[in-house]
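In: coordinates only, sequence not included:
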Ligand code: ASP
Ligand code: MG
């Protein structure tokens, strides 16, 4: 007997905007059924409808300004639970069999860091069994369960990571992340209307873009995709375009600069006139760590002219928490928490060892009379710290000067 080719498994994720209303939910159900009709096994990872997660967060804060993280996870995971059940119902209304599972039922095992857990293992036995029965399996994104059987979440935007981890577990040939945008762009099109869609981007570049603020993908999902070799397609929810493929470097045409991104969702803690800067940084980091505040970027300088001898970038929404934790932990020390701060990053493999690009970037900023507070480079990116109010002009100018594209007559407004 000839062994049967295993069926192709397709893993698809639909984001919150794609399922914001019952009508959109039904549209997603139709898309999923199309895949099934084409003879594939389908796993669908789903996010909470529209702004449900934001609303749940606000709700939590109305009863407790600083809600315990375990309980926050219990609350937030309810959003995806609503979507998964509704999508399953909508699919069954189209005459197809579907079953929904929570992260825990799907075997998404994570560590215990509530609100930003890491996936440790995928034990998707039940998902596999149901696929074998011919059912479409719907999995709640963004959630998992710790070995202590506590419910966890993976951080905002975490359903991308659920999708990639499942695709890896099933050696899926295709992993589609359906979004409310049609792919990854050379810059945020809201800032640079003439930015262009990137057909293919390497894992490394995408991770850097995501980490430096490109909101389209959860950076951890890219990390998982790179480690486990999953080729990811970012596609529009309602449209037929192929979007952007995130894949290994070998598959991609090399360019010097792939894109520019900004992060305006930051605050900066700075310390001036500390004794030994590294020692002071240690104290600050310890206090922030204690308060469970994420550190995005750390800058230590022995240069007395710099704004803060020690500066630490944290998420903007942690600014108040940082103020109170530092006041408590380091009484009498002169720190400031500044919210008028942002980063702009230039990303591409060509930044490795090409001084010309850094020079161009600094030249462009100088021509706008922007004097960056900090410039830091890694092999793959150059990040500039500047005031929030200068971000738009900086990104536009760099997009033009680095050859990523100039405004055409119909985009120049
Ligand atoms: N619903 C969660 C969020 O809004 C997870 C996700 O959308 O991926 O962050
Ligand atoms: Mg969401």
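Out: Ah, there it is. What you see is a predicted model, and the numbers here were worked out from it, not measured in a lab. Ligands and ions are numbered 1, 2, ... in the order given.

In: okay, CA-based contacts and neighbour counts for the rest of this
Out: Fine.

In: who in the chain is up against ligand 1?
Out: Proximity of the chain to ligand 1, by C-alpha under 6 Å from any ligand atom, involves residues 15, 16, 47, 48, 53, 142, 156, 157, 158, 159, 160.

In: Which pair in those has the greatest spatial separation?
Out: When those are compared pair by pair using C-alpha to C-alpha, the two farthest from each other are 53 and 160, 15.1 Å apart.

In: Look at these two and report which has more neighbours.
Out: Just comparing residue 53 and residue 160: by other C-alpha atoms under 10 Å the higher neighbour count belongs to residue 160, 32 against 20.

In: For the more buried one, give me its contacts.
Out: Under the criterion of C-alpha atoms under 8 Å, 6 or more residues apart in numbering, the contact list for residue 160 reads 13, 141, 142, 177, 217, 218, 221.

In: Looking at pLDDT only, which of those residues scores worst?
Out: Looking at pLDDT alone, the contacts of residue 160 dip lowest at residue 218, where the score is 86.

In: I'd guessed it sits against residue 208; true?
Out: No. No contact is recorded between residue 218 and residue 208 when judged using C-alpha atoms under 8 Å, the distance being 11.0 Å.

In: Helices of the stretch 201-350 of the chain, residue ranges please.
Out: In the stretch 201-350 of the chain, helices defined by DSSP state H, counting those that start in this stretch lie at 203-211, 219-228, 277-290, 319-329, listed in chain order.

In: can the ones you listed go into CSV with extra columns for mean neighbour count?
Out: Compiled in CSV, those are given as follows (neighbours: other C-alpha atoms under 10 Å):
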stretch, mean neighbour count
helix 203-211, 23
helix 219-228, 21
helix 277-290, 17
helix 319-329, 16
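
In: And the ones you listed, which one averages the lowest pLDDT?
Out: Minimum mean pLDDT among the helices of the stretch 201-350 of the chain: helix 277-290, a mean of 84.

In: list the helices and strands that helix packs on?
Out: Other elements packing on helix 277-290 under the criterion 3 or more C-alpha pairs under 8 Å, 6 or more residues apart in numbering; DSSP states H and E are strand 297-300, strand 310-315, helix 319-329.

In: residues in contact with the longest one?
Out: The reference is to helix 319-329. Surrounding helix 319-329, the residues in contact under the criterion C-alpha under 8 Å, 6+ apart are 267, 269, 284, 287, 288, 291, 293, 333, 337, 339.

In: Report the buried members of these.
Out: Neighbour counting over the contacts of helix 319-329 (16 or more other C-alpha atoms under 10 Å) leaves 267, 269, 284, 287, 288, 293, 337, 339 as the buried ones.

In: Mind listing residues that contact the longest helix seen in the chain?
Out: Of all the elements of type helix in the chain, the one with the most residues (DSSP state H) is helix 69-93. Residues external to helix 69-93 that are found in contact with it (C-alpha under 8 Å, 6+ apart): 19, 25-26, 28-30, 33, 46-49, 52-53, 56-57, 60, 97-102, 114-115, 138-143, 151-153.

In: For the buried ones among the contacts of helix 319-329, which two are the farthest from each other?
Out: Greatest spatial distance in the buried ones among the contacts of helix 319-329: 287 and 339, 19.1 Å, computed using C-alpha to C-alpha.
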